[in-house]
Each structure stands twice: as C-alpha cells, then as structure tokens.
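>>> need a 3D model of the sequence below.
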Amino acid sequence: MDVRVDWRSFLGGYIDWVDEVVGLRRIALIIGVIVLSGGSWYGYRLYRNGVETSAQRTMSSLFDLWQQAVMNRKGEQSLWKQLSDDSQHAMKQHASSNLRPFFSILYAQGLMRAQPSAQQAKEAVALLQDGIKRMATSHPYYPAMQLESAKIMLDASQRFGVASHDQAITILNAISTDKNNAFSTMAQAQIAYDKAYQSNAKH
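Below is the predicted model:
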C-alpha cells in the first residue's frame with residue numbers, strides 16, 4: 001500500500017505548534033523583559049532617558065495589544081489591524097527612539113497578519129530590513145528580532161513573491177548553526193518547512 005505523507009501540511013502544523021507553544025512564549029517573555037525590566041542595562045538606559053520614557057510607555061501598550069492578538073483564537077483581523085495602525089503611529093512619534101526597531105517589527109507583523117496587499121507585504125519587508133539595520137548585533141534581543149523578521153520575510157516571499165526569500169534563509173541559517181542561540185531549533189524548523197514548501201511548489 002502506497003502511503004503518502006503531506007510533508008508541507010505536517011511541517012506547517014509543527015511550525016504552528018512551535019510558534020504557539022515555544023516561539024510566542026519566548027518572544028512574549030523577551031518583549032516583556034523589554035517592557036517591564038528596569039534592571040537590565042537596556043531597560044536602565046531607557047529609564048534614565050526622559051525622551052525614551054514615553055516610548056517605553058507606548059511599547060507597553062503595544063505589547064498588551066500584541067498579546068491580545070496572539071491569544072485571539074477566533075481568527076479576527078481587527079486586533080492585528082489595530083496593532084499595525086498603532087505601531088505605525090509609534091514609529092513616527094518615536095522616530096529617534098532606541099525602541100524604533102521594535103515598533104517597526106510590530107508594525108510589519110500586524111500588516112502581514114491582517115490580510116495585507118502585495119504592496120503592504122513589500123512595505124513590511126522593507127520595515128524589517130530597516131529595523132534590523134538599526135539594531136546592534138550585540139543587542140541582547142537581536143536574535144529574537146532576527147528570527148521574527150525572517151519568518152515574516154518568508155511569508156511575504158511565499159504568499160506575494162516578495163524578493164526576500166534568500167535574505168530570510170541567510171538569517172535562519174545563521175541562527176540555526178549558532179549553538180548559543182536560544183532560537184536555533186525554531187530556525188531549523190522554519191528552514192525545514194521552507195524546503196518542503198519549495199519542493200511542493202515545484203510539483
């Protein structure tokens with residue numbers, strides 16, 4: 001008996017599980033540390049800087065909205081739309097803030113999950129690329145932002161043909177081979193899913 005396995009479906013389900021059970025919790029924890037911690041070097045700098053205090057408050061509100069959107073199981077797009085709108089406003093309001101890259105990534109994520117147009121997908125990728133450039137590679141949250149950016153770039157490539165696939169895979173390969181990176185397993189899973197997707201697309 002010929003038993004065929006739909007690897008795209010299987011790996012897609014695995015990716016979803018990783019995102020929900022592991023990925024989202026880790027990212028939520030990381031962003032939560034950014035928002036709530038005044039003890040880290042980064043949080044301490046923000047706390048001491050009066051200009052950044054306003055951006056920190058905005059980030060806290062956006063984080064709460066992001067959590068609501070992530071935990072929403074009804075598939076409603078309104079929360080993601082609100083996140084993209086509010087994050088876009090935050091990007092403009094706090095353009096010189098050290099939190100600007102995080103606003104960019106939240107905005108891009110909101111766009112990509114709120115039924116975007118092809119043009120919006122391109123915009124999301126451009127925002128991610130800009131956000132990553134603005135962050136120092138030594139930043140403690142850089143790996144998490146890299147991973148989330150790569151995932152959105154792959155999504156834009158697969159759904160809208162945005163020329164972001166190669167860059168996304170380069171980022172994922174770097175993460176997956178770094179034994180000290182807490183997101184290496186997730187990056188490996190994303191790479192496996194993409195290979196299955198590309199193989200299926202050729203048939």
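>>> and the gap between the closest residue to residue 87 other than its chain neighbours and residue 202?
In space, and not counting its chain neighbours, residue 87 is closest to residue 107: 3.6 Å by CB to CB, 6 or more residues apart in numbering. In short, each C-beta sits where N, CA and C put it, glycine included. Look at residue 107 and residue 202: by CB to CB, to the nearest Å, they are 33 Å apart.
>>> what's near enough to touch residue 89?
Contact analysis of residue 89 by CB atoms under 8 Å, 6 or more residues apart in numbering lists nothing.
>>> what strand or helix carries it?
In this structure, residue 89 sits in helix 78-93 according to DSSP states H and E.
>>> give me the buried positions along that helix.
When burial is assessed from 16 or more other CB atoms under 10 Å, helix 78-93 yields the following buried residues: 79-84, 86-88, 90-91.
>>> where does this structure have low pLDDT?
Segments of the chain classed as low confidence (criterion: pLDDT under 70) are 1-51, 73, 75-76, 140-141, 203.
>>> how about the helices in it?
Counting by DSSP state H, residue ranges of the helices within the chain are 7-17, 24-36, 41-48, 50-71, 78-93, 100-113, 118-134, 142-160, 165-176, 184-201.
>>> render the CA-only coordinates of the last one in CSV, please.
Once non-C-alpha atoms are left out, helix 184-201 reads as follows in CSV (Å, rounded to 0.1, in the frame of the first residue of the first chain):
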residue,chain,number,x,y,z
SER,A,184,18.3,27.8,16.9
THR,A,185,15.7,24.9,17.0
MET,A,186,13.0,27.2,15.8
ALA,A,187,15.2,28.4,12.9
GLN,A,188,15.9,24.8,11.9
ALA,A,189,12.2,24.1,11.9
GLN,A,190,11.5,27.1,9.7
ILE,A,191,14.2,26.0,7.2
ALA,A,192,12.7,22.5,7.0
TYR,A,193,9.3,23.9,6.4
ASP,A,194,10.6,26.2,3.7
LYS,A,195,12.3,23.3,1.9
ALA,A,196,9.1,21.3,2.0
TYR,A,197,7.2,24.3,0.7
GLN,A,198,9.6,25.0,-2.1
SER,A,199,9.6,21.3,-3.1
ASN,A,200,5.8,21.2,-3.2
ALA,A,201,5.7,24.4,-5.2
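>>> tilt between it and helix 142-160?
Taking axes from the mean of the first three to the mean of the last three CA atoms, to 10 degrees, helix 184-201 and helix 142-160 form an angle of 10 degrees between their directions.
>>> likewise for the longest one?
Between helix 50-71 and helix 142-160, the angle comes out at 50 degrees (the same axes, to 10 degrees).
>>> for helix 50-71, packing partners?
If contacts are counted by 3 or more CB pairs under 8 Å, 6 or more residues apart in numbering; DSSP states H and E, helix 50-71 sits against helix 24-36, helix 41-48, helix 78-93, helix 100-113.
>>> tell me what angle the third one forms with helix 100-113.
Interaxial angle of helix 78-93 relative to helix 100-113 (the same axes, to 10 degrees): 150 degrees.
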